[in-house]
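Undergrad: Please work out how this folds:
(one chain, ligands or ions: 1)
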Amino acid sequence: MKNVCMVGTGYVGLVSGACFAHLGHNVICVDNNRERIKNLKKGIMPIYEKDLAAIVQNAYKAGRINFTTDLGKAIEKCQIIFITVGTPADKETGEADLSCVFAVAKDIAKNIKNEYKAVVLKSTVPIGTAEAVENIIKTAAAKAKFSVVSNPEFLREGFAVSDFLKPERIVIGASDGKSLKIMRALYKPLTDKGYPLLHTCPATANMIKYASNSFLAMKIMFINELADMCEKAGADVQDVAKGIGLDSRIGHKFLNPGPGFGGSCFPKDTLALDRMAKQYGAPLKLVETTIAENNARRFKMLAKIENAFEGKLRGKKIAVLGVTFKAETDDMRDSPSIGILSQLHLSGVSLVIYDPQGKKHGPQFFPYAKFANSAPRALKGADGALILTEWPEFKKITARDYKKLLKTPLVVDLRNMYSPADMTGVTYHSVGRKPVK
Ligand SMILES: NC(=O)c1ccc[n+]([C@@H]2O[C@H](COP(=O)([O-])OP(=O)(O)OC[C@H]3O[C@@H](n4cnc5c(N)ncnc54)[C@H](O)[C@@H]3O)[C@@H](O)[C@H]2O)c1
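TA: As a prediction, the model looks like this:
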């Protein structure tokens, strides 16, 4: 059993902290957002994530997790200090903005005493960050005994708890035996169950994380480009995806055509890898193209929507189903909906949005839109529907519902939620398939 401190209680920090507590460790979650900590003590989750509230509450009742803003006290009690703060893209350079990571490193340096600590980077960070954090701590606390480890996280929002507890791999980038031994002990409840732990150097661990996300982003853009070609060539991209996905070397995951990738990871991580590769003089052309094509994707989607409305968007009322960057999350960061809907708004469209989780953050991204409490309420009386997120509940809406609720039965489905054959009587536009009327 280890005493673990998680600095940052967002999607990664809170989930990891709660899961480590669930596995039997003692966890202290630290955040500089007082409101967040106050709410967590009351059992109010700052994010929507399946199974998270229950696992946090159980661990809290068992006395294995606590929440504080006091990093100093947490450090005193814990041998392992995780850094799980955000590393967004720098607005000017596109590189990973490490200011939050370095701020935490400085706070750790101020509070570290004589006992040995393993400082673990779970945030997604570029090569060289472990060394930079080590220098920050050494400069301010010359006598401190510590190691810096890179332990990237691979959980998916929407499945974060189960991903953490059933990981496909645990990657530990450690350059000394002592910190590696501590990390192995921390993850023992998982490795005992057979989940693989890969030990690398910190630089390799960083590369594994960026390469994984960039490869998946590339896979998404590959199927998106194929979808565009299928539309022109009269092929069906869903069947193409099924056909190539059955090849076990390719696999069916991340072959869903759509409006492009978004979220808090793929856009910034592809950018960071691209910038890093250029700095090392080894540009990654495939990643560079993936980023450019993803940026262009929203304009292609706008053209598709405009085409579906026969060029007459001004004055139309569109019901938007889904705005989060993917289903099963409330995360709006870099969602494709942000660019698409702002352009539609500028084109004179009035928008009524329904998203099962988008209402919390949605209004700040779409101040010009109305929000409805259900899909039928959004659809009622609109000139057409636009599906942007693949929430499972939208699958239950039938052609009959669209015909009954919409003023004109026109559906632009950027997530291919339905089989065109089921959309009888609806003008149905999807991605990579022939439109049906
Ligand atoms: N979200 C994901 O699905 C995911 C998956 C894998 C890896 N990651 C990586 O994990 C890292 C964290 O991502 P996230 O989505 O959990 O971020 P987040 O924005 O949800 O959470 C970050 C938290 O850190 C806190 N924080 C910031 N500065 C702090 C400081 N100085 N002291 C204490 N707390 C501070 C914030 O208040 C916030 O609660 C990023 O590097 C991200 O790339 C994210």
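
Undergrad: rest of the way, CA atoms for contacts and neighbours
TA: Noted.

Undergrad: Can you give me the buried ones in stretch 411-423?
TA: Using 16 or more other CA atoms under 10 Å as the test for burial, stretch 411-423 gives 411-418, 420, 423.

Undergrad: Redo these as a markdown table? Include distance to residue 177, secondary structure and pLDDT.
TA: Output for these, formatted as a markdown table (distance: CA to CA, whole Å; DSSP: H, G, I helix; E, B strand; the rest coil; pLDDT from 0 to 100):
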| residue | distance to residue 177 | secondary structure | pLDDT |
| --- | --- | --- | --- |
| 411 | 59 | strand | 98 |
| 412 | 56 | strand | 98 |
| 413 | 53 | strand | 98 |
| 414 | 50 | coil | 98 |
| 415 | 48 | coil | 98 |
| 416 | 50 | coil | 98 |
| 417 | 50 | coil | 97 |
| 418 | 53 | coil | 98 |
| 420 | 58 | helix | 96 |
| 423 | 61 | coil | 96 |
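
Undergrad: out of these, who's nearest residue 181?
TA: Minimum distance to residue 181 across those is 45.3 Å, recorded for residue 415 (CA to CA).

Undergrad: isn't the closest one right up against residue 391?
TA: No - counting by CA atoms under 8 Å, residue 415 stays clear of residue 391, with 9.5 Å between them.

Undergrad: How about the contacts made by residue 360?
TA: residue 330 (CA atoms under 8 Å, 6 or more residues apart in numbering).

Undergrad: Make sure I have this right: it is in a helix.
TA: No - per DSSP: H, G, I helix; E, B strand; the rest coil, residue 360 lies outside any helix segment and is coil.

Undergrad: I'd assumed residue 428 was in a strand, is it?
TA: Yes - using three-state DSSP, the secondary structure at residue 428 is a strand.

Undergrad: Run a quick neighbour tally on it.
TA: 24 (other CA atoms under 10 Å).

Undergrad: Please list all residues in contact with it.
TA: 410-413, 420, 435-437.

Undergrad: Now the two most distant members of these.
TA: Largest separation among the contacts of residue 428 by CA to CA: 413 and 437, giving 13.7 Å.

Undergrad: Return the set of buried residues in the lowest-mean-pLDDT helix or strand in the chain.
TA: Ranked by mean pLDDT, DSSP states H and E, the weakest helix or strand in the chain is helix 362-365, scoring a mean of 91. Buried residues in helix 362-365, counted by 16+ other CA under 10 Å: 362, 365.

Undergrad: Spell out which residues of the stretch 51-200 of the chain are next to the ligand.
TA: Residues of the stretch 51-200 of the chain lying close to the ligand (CA under 6 Å from any ligand atom) are 84-87, 100, 103-104, 123-124, 153-157.

Undergrad: which one of these is nearest residue 75?
TA: For these, the minimum distance to residue 75 (CA to CA) is 11.7 Å, reached by residue 104.

Undergrad: where does the protein have low pLDDT?
TA: Counting by pLDDT under 70, the chain shows no low-confidence range.

Undergrad: Regarding it, what is its longest helix?
TA: Looking across the chain with DSSP state H, the single longest helix is helix 202-233.

Undergrad: any idea of the angle the helix or strand following that helix forms with helix 202-233?
TA: Later in the chain than helix 202-233, the nearest helix or strand by DSSP states H and E is helix 237-245. Helix 237-245 runs at 140 degrees relative to helix 202-233, counting by axes from the mean of the first three to the mean of the last three CA atoms, to 10 degrees.

Undergrad: for the next helix or strand after helix 237-245, which positions count as buried?
TA: Using DSSP H and E, the next helix or strand after helix 237-245 towards the C-terminus is helix 266-279. Within helix 266-279, the residues that count as buried by 16+ other CA under 10 Å are 266-277.

Undergrad: on that earlier part again, what residues does the least confident helix or strand of the chain touch?
TA: Applying CA under 8 Å, 6+ apart, the set of residues contacting helix 362-365 is 323, 332, 338, 369, 371.

Undergrad: Just give me the closest of those to residue 312.
TA: residue 369 (19.2 Å).
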